[in-house]
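[1] Give me the fold of what follows.
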Amino acid sequence: MFSAEPVVQVQQASIDIKGRNILRNVSFTVQKGEFCYVIGRTGSGKSSILKMLYAELTPTEGQVRVAGFDVKNIKKNDIPYLRRKLGIIFQDFQLLPDRNVSENIEFALRATGWTDTIKIKNKISEVLMMVGLSARALSYPHEISGGEQQRVVIARALINDPLLIIADEPTGNLDPEVSKEIIQILLNIHKMGTAVLLATHDYSILKKNPFKTLECRLGEVVEHSQSYIAQKSWD
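    Model prediction:
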C-alpha cells in the first residue's frame with residue numbers, strides 16, 4: 001500500500017558523542033524521491049546526521065523515523081532491516097580487493113539475504129548497467145579508476161531498490177570531471193524516484209544543481225529552500 005509518510009522525519013533531535021553535544025534541536029524531513037544536500041564545515045556534524053539516519057549513532061533527544069523505523073528506539077536486531085531500505089555510499093570505496101566488480105556486488109547481495117543465483121546474476125547486470133559499468137564486471141578494484149570504483153559503490157547501494165540513498169562526500173577523493181559524472185548518476189537515480197541525501201563540501205555542485213539544503217552551522221541545522229540555493233552565490 002502506498003504511504004505518504006516521508007522517508008526521513010527528524011524532530012527536535014540532538015546528537016552527543018562522548019559527552020559532547022554535536023547538534024541540537026534538529027528537525028527536517030526528506031520526502032520520497034526528494035534530492036537534498038547536507039553542507040557545513042568539517043566537524044560541523046554532516047556525517048553525524050547521516051550516521052544517525054542509518055543507526056550508527058543514536059540521538060540523545062527527539063524523534064527520528066527513517067523508512068518506517070523508529071531509529072531512536074530501534075532494536076539491534078532490526079538495524080539490518082533498516083539498512084536494507086537504504087543505500088549507503090562512502091567517500092572511501094570499501095571494496096573487497098580480492099574480488100572482481102561482479103563478486104563485490106554479489107557479496108553484498110548474499111549478505112542481505114539473496115540466495116537465488118539467477119536473480120543475483122540478473123540484479124548485478126541491472127545495477128552495473130545503471131552506473132555504466134557493464135564492461136567492467138570482471139575487473140578487480142585495482143584495475144579500475146577511482147571514479148569507476150565509486151560507480152561500483154553506487155551500484156552496490158542500489159541492490160535492494162532503496163527508498164533512500166545516503167551519500168557521504170562521494171566525490172571527495174575524485175577530480176572535478178569524474179565528480180560531475182558521479183553527481184549525474186545520483187541525479188539520474190533521483191529522477192527514477194529514489195530519495196537522495198548528499199553530504200558535500202563542493203558548493204559548485206549546489207550552483208549547478210540546486211535543491212533543498214540542510215546546513216550544519218554552530219551546532220544547529222538550518223534548512224534552505226531550492227530557490228534560496230539557486231540564487232545564493234556560494235564562495
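[2] before we move on, which element is the closest residue to residue 206 other than its chain neighbours in?
    Of all residues not flanking residue 206 in the chain, residue 229 sits nearest, at 5.5 Å (C-beta to C-beta, 6 or more residues apart in numbering). For every residue, glycine as well, the C-beta is placed using N, CA and C. Using DSSP states H and E, residue 229 sits within helix 226-231.
[3] still on that earlier bit, and the pLDDT for the residue nearest to residue 206?
    pLDDT recorded at residue 229 is 90.
[4] In terms of helices and strands, where is residue 167?
    According to DSSP H and E, residue 167 maps onto strand 164-168.
[5] picking that back up, tell me, how many residues neighbour the residue nearest to residue 206?
    Residue 229 has 20 neighbouring residues, counting by other C-beta atoms under 10 Å.
[6] That one against residue 203, yeah?
    No - counting by C-beta atoms under 8 Å, residue 229 stays clear of residue 203, with 9.6 Å between them.
[7] got the contact list for the residue nearest to the spatial centre of the chain?
    For the chain, the residue nearest the mean C-alpha position is residue 166 (1.3 Å; C-alpha atoms, centre = their mean). By C-beta atoms under 8 Å, 6 or more residues apart in numbering, the contact list for residue 166 reads 50, 53-54, 86-89, 197.
[8] quick revisit: pull out the buried positions in the helix holding residue 229.
    Using 16 or more other C-beta atoms under 10 Å as the test for burial, helix 226-231 gives residue 229.
[9] Could you list every helix and strand that it packs against?
    Judged by 3 or more C-beta pairs under 8 Å, 6 or more residues apart in numbering; DSSP states H and E, the packing partners of helix 226-231 are strand 212-217.
[10] Following element in sequence after the strand it packs on, please.
    The helix or strand immediately downstream of strand 212-217 is strand 220-224, counting by DSSP H and E.
[11] which other residues reach the longest helix seen in the chain?
    When the chain is parsed with DSSP state H, its longest helix is helix 176-191. Contact partners of helix 176-191, identified using C-beta under 8 Å, 6+ apart, comprise 33-35, 130-132, 145-147, 150-151, 154, 158, 165, 167, 170-171, 174, 196, 198, 202, 205, 209.
[12] What mean pLDDT does the helix or strand just after it get?
    Counting by DSSP H and E, the element after helix 176-191 in chain order, helix or strand, is strand 195-199. Averaged across strand 195-199, the pLDDT comes to 97.
[13] Next, the angle strand 212-217 makes with strand 195-199.
    Put simply, strand 195-199 runs at 30 degrees to strand 212-217, going by axes from the mean of the first three to the mean of the last three C-alpha atoms, to 10 degrees.
[14] Show me where this structure has its strands.
    Counting by DSSP state E, the chain has strands at residues 8-17, 20-30, 35-39, 61-66, 69-70, 86-89, 164-168, 195-199, 212-217, 220-224.
[15] hey, C-alpha coordinates of the longest helix of the chain in CSV?
    What follows is helix 176-191, C-alpha atoms only, in CSV (Å, rounded to 0.1, in the frame of the first residue of the first chain):
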residue,chain,number,x,y,z
PRO,A,176,36.3,17.6,-10.9
GLU,A,177,35.4,15.9,-14.2
VAL,A,178,34.8,12.5,-12.6
SER,A,179,32.9,14.2,-9.8
LYS,A,180,30.5,15.6,-12.3
GLU,A,181,29.8,12.1,-13.6
ILE,A,182,29.2,10.7,-10.2
ILE,A,183,26.7,13.6,-9.4
GLN,A,184,24.9,12.9,-12.7
ILE,A,185,24.4,9.3,-11.7
LEU,A,186,23.0,10.3,-8.4
LEU,A,187,20.7,12.8,-10.2
ASN,A,188,19.5,10.0,-12.5
ILE,A,189,18.8,7.8,-9.5
HIS,A,190,16.7,10.7,-8.0
LYS,A,191,14.8,11.1,-11.3
